[in-house]
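> structure here, sequence nowhere to be found:
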């Protein structure tokens, strides 16, 4: 009893077809589990082309004015309090004029005395041309096309710290150790971070998405003005149009979205 | 067979070692995973239903969580329209764990059983285990 070449080829061909057909049937049955059309943004969310914050330095007089803004941010975002300055994590903090505006200080050392003595609130500038985004090898940090926020995707961060080298403002902090034990009061609505990732201010993307302004702006009692830099009628554009303001290290071409109003009305 | 004795002894030792994990657990029943969905939050619900059907969640919850993560973090999309038309906030901490309020009695049951260690909780904050 034998099988001739012709019959063998028929059987082989038929079983190959059945195999491919069956496998693709399985794949087809599985795909379409989730569709992109199932995802939408919250209609309550605030929208802009490019978010910006202007800080009115006249409204910041006492240490409490600064503290309340910094505390609210660090509390709701589960930012750990690590005393060692080499390992500390900060999203928003104060810096002296000399440090925050190094080039301006060099260009005009005879600027008003009160400015030189004043602490300045600093945080991520959400640059229009962010160097941190350019150097990130995994696109863990990226600029949102929708509103210009420089975002962090902690799921992708591999902790290489290129972004920390790239950022000229020192806005990024690295988690040298597990931050969880250093969080005084955990906010269960927001994630914490793990050892080995870089973190920074995210312009309260989670609050903007549900229609709230950033927590620092809300806590500042008018000391910080928030709005769309691309909208000439926004609060931030109006205040920038009427009073003198400066940005940090403009010569680097990063075009920050954070402005410091130092002039009068 | 040359060196037959040595070979046979060697084979017996090898067999003994390679079956050691099975011999150790011989006759011992390992507790089956028992994920509990009887949290107070779920019991209060009028219709006890997850985002999608039970069967779908059983096999695809990791796919859903990954897709949700990408949609929220990378695309800024926060709302999920379930197959039955209901809208949900795509959030592990603020949606999933609000009902499944015990990580120990829900997530860990199966994950420990099959020895998978998802890294969700390295950053995300699990709800406080109730009394």
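Here it is on my side, so go on. The structure displayed is predicted, hence computed values, not measured ones. Residues are numbered from 1 along each chain as shown, chains lettered A, B, ... in the order given.

> which bits of the stretch 51-200 of chain A sit near chain B?
A:78, A:142, A:144, A:146-147, A:151, A:153-155, A:186-194, A:197 (CB under 8 Å from any CB of the partner chain). Using the backbone N, CA and C atoms, a C-beta is placed for each residue, glycine as well.

> drop anything exposed from the residues you listed.
Among those, those classed as buried by 16 or more other CB atoms under 10 Å in any protein chain shown are A:78, A:142, A:144, A:147, A:151, A:153-155, A:190-194, A:197.

> now for these, which pair is the farthest apart?
Using CB to CB, those reach their maximum pairwise distance at A:147 and A:194, which is 26.9 Å.

> following the longest helix along chain B, which helix or strand comes up?
As assigned by DSSP state H, the longest helix anywhere in chain B is helix B:54-75. Following helix B:54-75 in sequence order, the next helix or strand is strand B:79-81 (DSSP states H and E).

> what's that next one packed up against?
strand A:39-40, strand B:87-89 (3 or more CB pairs under 8 Å, 6 or more residues apart in numbering or on different chains; DSSP states H and E).

> hmm, the shortest one touching chain B?
Yes: against chain B, strand A:39-40 shows contacts by CB under 8 Å from any CB at A:39, A:40.

> return the helix or strand in chain A with minimum mean pLDDT.
helix A:5-30 (a mean of 83; mean pLDDT, DSSP states H and E).

> spatially central residue for chain B, please.
residue B:111 (3.5 Å; CA atoms, centre = their mean).

> from what I see, that one and residue B:117 are in contact.
Yes: the pair residue B:111 / residue B:117 is scored as a contact, 7.0 Å apart, by CB atoms under 8 Å.

> and the residue lying closest to residue A:204 once chain neighbours are set aside, how far from residue A:78?
Residue nearest to residue A:204 in three dimensions, not counting chain neighbours: residue A:214, with 3.9 Å by CB to CB, 6 or more residues apart in numbering or on different chains. Look at residue A:214 and residue A:78: by CB to CB, to the nearest Å, they are 16 Å apart.

> got it, and residue A:90?
13 Å.

> ok, now residue A:149?
19 Å.

> for the closest residue to residue A:117 other than its chain neighbours, give me its contacts.
Closest residue in space to residue A:117, ignoring its immediate chain neighbours: residue A:97 at 7.7 Å, by CB to CB, 6+ apart. Counting by CB atoms under 8 Å, 6 or more residues apart in numbering or on different chains, residue A:97 touches A:105, A:115, A:116, A:117, A:118, A:120.

> okay then, goodbye and thanks.
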